[in-house]
Each structure stands twice: as structure tokens, then as C-alpha cells.
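>>> Just a sequence and a predicted model for now, questions to come.
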Amino acid sequence: MAYPSIVIMGLFVFLAKTLGYLPGQHIGWGSPIARQQTLDWARWGYGGTFLGTDGRNLEPAIKNLDTQNLCVGFTDDKTLARPTSVQHFAEMLPDDKTTVWILSPEELDTPALGHFDHLRNGAKLWTKLDHWIKSQL
């Protein structure tokens with residue numbers, strides 16, 4: 001995990017433990033994030049292992065998924081879901097059922113995609129996602 005991510009996630013954990021939730025509405029995420037969700041994100045980020053809330057390793061179950069999977073990352077997401085993290089997560093999924101896209105803003109003709117910007121600037125992304133979904137049906 002990159003240094004800025006460690007600091008940010010540490011702050012998120014502190015806030016979630018102190019307040020009982022992460023005040024996402026105050027940092028541009030639209031709504032509060034549940035305490036346990038924040039702690040799970042931190043555990044996955046710090047430990048590099050995809051664990052359930054109960055502490056069990058979810059990687060064997062994920063590796064045996066029997067559905068098509070699409071992992072999407074953005075070259076300009078520098079803190080919360082860096083391209084290397086998206087790739088690492090994708091490697092836990094079945095190779096023959098997983099597609100990975102690491103997209104740049106330039107590819108989709110938009111100023112930014114990032115962890116949240118794609119929700120505002122991602123019209124071309126949504127079209128691309130729609131085509132992918134339809135191709136899986």
C-alpha cells in the first residue's frame with residue numbers, strides 16, 4: 001500500500017471507531033459509510049488478504065466463482081483503488097472468467113475518472129459497461 005493510502009485509511013479507521021461511522025458525506029462520498037465496512041476496507045488494504053468480517057479468508061470462495069467478472073480501475077485513482085490493487089484483486093478471481101480494465105481519462109475523453117469522479121464524468125464508461133454486460137448475456 002502506498003504511503004498516502006496508509007495515512008488516509010488510518011484516518012478513516014480512527015473516525016469510524018470514534019464516531020461509529022465514516023462521515024463520507026463530508027468528504028464528497030454522498031453518505032456516511034458504516035463502521036464495519038470502513039474497518040473491513042482497512043483490514044483488506046493493510047493486510048493484503050480478502051477477509052470476511054468474521055476473519056475467514058474469502059479468497060478460496062472468490063477463486064471458485066462461476067460467473068463472469070469485470071474489474072474496473074482508473075489510472076488516476078492514486079489513493080483508494082490504485083491500478084495495482086485492482087489487478088491484485090482480479091488475480092483472486094478465476095482467470096478464465098475475469099476481465100480487467102484499467103482505464104485512463106484520456107481513453108474516455110473525460111477530465112478525471114478516479115475513485116469517485118467516474119460517477120460524475122463517466123458517460124462513456126457507462127456505455128462501455130453496458131456493452132460488456134450485454135456481451136455476457
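Thanks, I have it. Numbering: from 1, shown residues only.
>>> Remind me what the helix or strand residue 84 falls within packs against, helices and strands.
Using DSSP states H and E, residue 84 falls within helix 83-91. Judged by 3 or more C-beta pairs under 8 Å, 6 or more residues apart in numbering; DSSP states H and E, helix 83-91 is in contact with strand 69-74, strand 98-103. C-beta coordinates here come from the backbone N, C-alpha and C atoms, glycine included.
>>> how about the ones you listed, which one is nearest residue 23?
Nearest to residue 23, of all the helices and strands packed on helix 83-91, is strand 69-74, at 24.0 Å by C-beta to C-beta.
>>> Can you mark which positions in that closest one are buried?
69, 71, 72, 73, 74 (16 or more other C-beta atoms under 10 Å).
>>> what does that strand contact?
81-83, 85-87, 89-90, 93-94, 97-105, 113-115, 118, 125, 129, 132 (C-beta atoms under 8 Å, 6 or more residues apart in numbering).
>>> Just the buried ones among the residues you listed, please.
For the contacts of strand 69-74, buried by 16+ other C-beta under 10 Å: 81-83, 85-86, 89-90, 93, 98, 100-103, 105, 113-115, 118, 125.
>>> show me what contacts the residue nearest the centre of the chain?
The centroid of the chain falls nearest to residue 81 when counting by C-alpha atoms, centre = their mean (5.0 Å). Taking C-beta under 8 Å, 6+ apart, we find residue 81 in contact with 73, 74, 115.
>>> Among the residues you listed, which one lies nearest to residue 136?
residue 73 (19.1 Å).
>>> Which residue comes closest to the closest one once chain neighbours are left out?
residue 86 (3.2 Å; C-beta to C-beta, 6 or more residues apart in numbering).
>>> isn't the one you found right up against residue 102?
Yes - using C-beta atoms under 8 Å, residue 86 is in contact with residue 102, at 6.5 Å.
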